[in-house]
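Student: With the sequence up front, the predicted model follows.
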Amino acid sequence: MVEAVHAAPQLEWDTPLFRQARTQLEQAIPRAGISEDVAERLRYPERAVILTLPVRMDDGSLRSFPAYRVQHSSVLGPTKGGVRYDEAVNLGECAALAMWMTWKCALLRLPYGGAKGGVRCNPRELSQSELAHVTRRFTSDLAPFIGPGIDIPAPDIATNEQTMAWMMDTYSMQKGYVVPEIVTGKPVSIGGSVFRTEATGAGVVMVIERACERLGWRLPSLTFVVQGFGNVGGVAAGELHEKGARVVAVGDVSGGVYDPAGLDVPTLAEWAREHGSLAGHPAERLSHEGLLEVECDVLVLAAREEQVTAANAGALSCRMVVEGANGPISIEGDAILAERGIPVLPDVLTNAGGVTVSYFEWVQDLSRLFWDRDEIRRRLAEKLGDAFDRVWTLSETEGVSLRNAALISGIRDVAAALDARGIYP
Ligand code: NAD
């Protein structure tokens with residue numbers, strides 16, 4: 001007779017990326033000094049929604065798209081996080097990204113918890129009308145689980161202002177009145193905030209500048225490599241170029257381009273806008289692997305997760321790594337960089353400019369009172385500067401990495417709120 005095996009079933013979100021987020025949490029817990037009850041509550045997402053979106057394609061056929069939304073913690077306020085359209089989207093990825101959003105919001109002292117969602121699809125194969133159908137059905141099916149006081153989506157990989165406009169319109173049509181505060185990253189014409197589109201990339205550069213001050217480095221004398229040339233990487237490369245730094249290589253899904261004398265970033269951005277990517281650009285080309293190994297002072301990772309791992313961390317040829325993307329360095333990759341003495345500006349701090357200006361957008365929408373660009377830039381610089389200084393000081397006083405310091409700081413604030421509220425009932 002065959003005996004039943006009663007091993008504990010694996011949880012649905014238990015994927016390599018979720019394990020990476022969990023391992024980072026476990027590494028930070030002993031130093032964070034939080035109670036075991038609080039730690040246990042923060043190890044898992046509060047809520048996860050899995051949907052199948054039926055979408056009528058342009059050729060008349062019907063296709064099913066898996067879609068997800070994960071809300072990690074609502075202790076500090078409504079949850080907040082991006083929506084990505086990508087073939088690799090899965091529950092574990094959303095759960096990991098949602099957990100990182102919780103620490104990021106707490107670190108920046110924003111009254112939010114973390115969430116993330118997405119649709120598993122290849123956005124480059126979909127027409128505008130198919131993308132609109134996917135987005136509208138996703139929003140409609142998510143309507144019971146999102147809301148200005150519940151969970152507020154924003155753009156992420158392969159989603160943009162237009163996606164947010166469709167989400168805002170769909171939600172508003174269902175409610176019967178306009179609800180701009182349901183999403184952030186909208187066009188300015190419907191309640192979006194000036195500077196939101198540039199906020200993440202510009203924030204990455206603000207954090208780099210602050211780190212350079214501490215390290216005694218002069219930005220214009222540094223060379224940069226930027227992986228990812230979309231919203232985050234494209235804006236960051238443009239800002240670095242504008243500030244006089246030498247951007248020697250950039251790369252996107254089509255591979256990299258390289259010029260040791262410094263690339264003309266605005267011209268490259270024009271090419272990418274016109275052609276959809278850097279494919280076909282006449283500059284010297286690099287492979288994905290080759291791009292990361294180019295000798296430079298600072299490597300900015302602004303494409304996607306798991307780019308620097310045990311397999312290539314030893315081959316990087318830079319003096320500092322900057323995480324513009326979420327989770328671009330694996331646990332093993334992180335350990336190798338630490339051994340090599342290469343500091344990492346961690347994602348939860350470095351790319352927090354996006355969610356910070358999203359918060360400003362939500363506040364402006366709720367109050368129906370809008371701020372100008374200078375005010376937003378000033379408030380963003382203040383928030384990022386304050387978070388950076390807290391992380392830097394904690395890293396020095398506790399003798400931990402900047403990542404650990406950022407996580408400890410965020411986790412402590414969430415834990416303090418959870419301790420004060422208690423675990424219901
Ligand atoms: P995007 O879609 O605008 O750009 C992604 C870029 O990465 C594109 O240039 C794409 O071609 C490139 N890319 C994709 N796969 C690649 C690969 N395997 N190798 C090299 N390049 C590749 O997305 P985005 O909004 O710029 O997001 C990038 C990262 O930043 C993601 O990790 C996202 O979660 C994170 N992030 C984004 C925001 C935001 O406000 N948009 C905020 C915080 C964090």
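Tutor: Ah, there it is.
Student: could you show me where the strands are in this structure, in order?
Tutor: With DSSP state E, the ranges of strands along the chain come out as 47-56, 62-71, 79-86, 113-120, 151-155, 223-227, 246-252, 255-258, 284-286, 298-301, 320-323, 344-345.
Student: Can you say which of these is nearest to Arg196?
Tutor: The closest of the strands of the chain to Arg196 is strand 151-155. By CB to CB, the value is 8.6 Å. Quick note: C-beta positions are derived from backbone N, CA and C, even for glycine.
Student: Tell me which residues are up against the closest one.
Tutor: Outside of strand 151-155, the residues within contact range by CB atoms under 8 Å, 6 or more residues apart in numbering are 69, 71, 78-83, 112, 115, 117, 145-146, 161, 163-164, 167, 181-185, 231, 354-355, 358, 362.
Student: go on, stretch 358-367?
Tutor: 80, 108, 110-112, 148, 152, 154, 180-181, 184-186, 191-193, 196, 199, 370-371, 376, 379-380.
Student: Are any of the residues you listed buried, and if so which?
Tutor: 80, 108, 110, 112, 148, 152, 154, 180-181, 184-186, 191-193, 196, 199, 370-371, 376, 379-380 (16 or more other CB atoms under 10 Å).
Student: mind listing what the one residue in the stretch 151-300 of the chain that gets nearest to the ligand touches?
Tutor: Minimum separation of the stretch 151-300 of the chain from the ligand (CB to the nearest ligand atom) falls at Gly230, amounting to 1.9 Å. Gly230 is in contact with Ile157, Asp252, Ala302, Ala303, counting by CB under 8 Å, 6+ apart.
Student: Which members of the contacts of stretch 358-367 occur in helices, if any?
Tutor: Cross-referencing the contacts of stretch 358-367 against helices under DSSP state H gives Arg196, Ala199, Ile376, Arg379, Leu380.
Student: so what's the third one closest to, chain neighbours aside?
Tutor: Counting by CB to CB, 6 or more residues apart in numbering, Ile376 lies nearest to Phe195, which is 4.6 Å off, once chain neighbours are set aside.
Student: tell me the contacts of the one you found?
Tutor: Counted by CB under 8 Å, 6+ apart, Phe195 has contacts Ala202, Val357, Arg373, Ile376, Arg377, Leu380.
Student: Need the pLDDT of the residue lying closest to Ala48 once chain neighbours are set aside.
Tutor: Nearest non-adjacent residue to Ala48, counting by CB to CB, 6+ apart: Val70, 4.6 Å away. The per-residue pLDDT reported for Val70 equals 98.
Student: re the thing from before, out of the ones in helices among the contacts of stretch 358-367, what pair is the most spread apart?
Tutor: Arg196 and Arg379 (12.7 Å).
Student: Using CSV, please lay out the contacts of Phe195 together with pLDDT and distance to the ligand.
Tutor: Shown next, in CSV, are those (pLDDT from 0 to 100; distance: CB to the nearest ligand atom, whole Å):
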residue, pLDDT, distance to the ligand
Ala202, 98, 11
Val357, 98, 9
Arg373, 97, 17
Ile376, 98, 14
Arg377, 97, 16
Leu380, 98, 12
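Student: ok, back up a step: any chance of the strands of the chain in CSV, with distance to the ligand too?
Tutor: Converted to CSV, the strands of the chain look like this (distance: least, CB to the nearest ligand atom, whole Å):
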stretch, distance to the ligand
strand 47-56, 18
strand 62-71, 14
strand 79-86, 6
strand 113-120, 8
strand 151-155, 5
strand 223-227, 5
strand 246-252, 3
strand 255-258, 8
strand 284-286, 11
strand 298-301, 9
strand 320-323, 9
strand 344-345, 13
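Student: Can you say which of those is nearest to Ser129?
Tutor: Comparing the strands of the chain under CB to CB, the one sitting nearest is strand 47-56, at 9.4 Å.
Student: Please tell me how far the residue of the stretch 151-300 of the chain closest to the ligand sits from Gly201.
Tutor: With distances taken as CB to CB, to the nearest Å, Gly230 is found 9 Å from Gly201.
Student: Check the contact lists of these two and give me the overlap.
Tutor: Joint contacts of Gly230 and Gly201 (CB under 8 Å, 6+ apart) are Ala302.
Student: what about Val250, how many neighbours?
Tutor: Neighbourhood size, Val250 [other CB atoms under 10 Å]: 32.
Student: Could you tell me which residues make contact with it?
Tutor: Counted by CB under 8 Å, 6+ apart, Val250 has contacts Val225, Val226, Gln227, Phe229, Gly233, Ala237, Gly256, Val257, Leu263, Val265, Leu268, Leu278.
Student: mind running it again at 6 Å?
Tutor: Val226, Phe229, Ala237 (CB atoms under 6 Å, 6 or more residues apart in numbering).
Student: The second one touches Asp252, doesn't it?
Tutor: The reference is to Phe229. Yes: using CB atoms under 6 Å, Phe229 makes contact with Asp252 at a distance of 4.2 Å.
Student: the more surrounded of these two?
Tutor: More crowded of Phe229 and Asp252, by other CB under 10 Å: Phe229, with 28 against 25.
Student: mind checking how far the more buried one is from Ala249?
Tutor: 11 Å.
Student: same deal with Asp86?
Tutor: 24 Å.
Student: Who has more neighbours out of those two?
Tutor: Ala249 (27 against 18).
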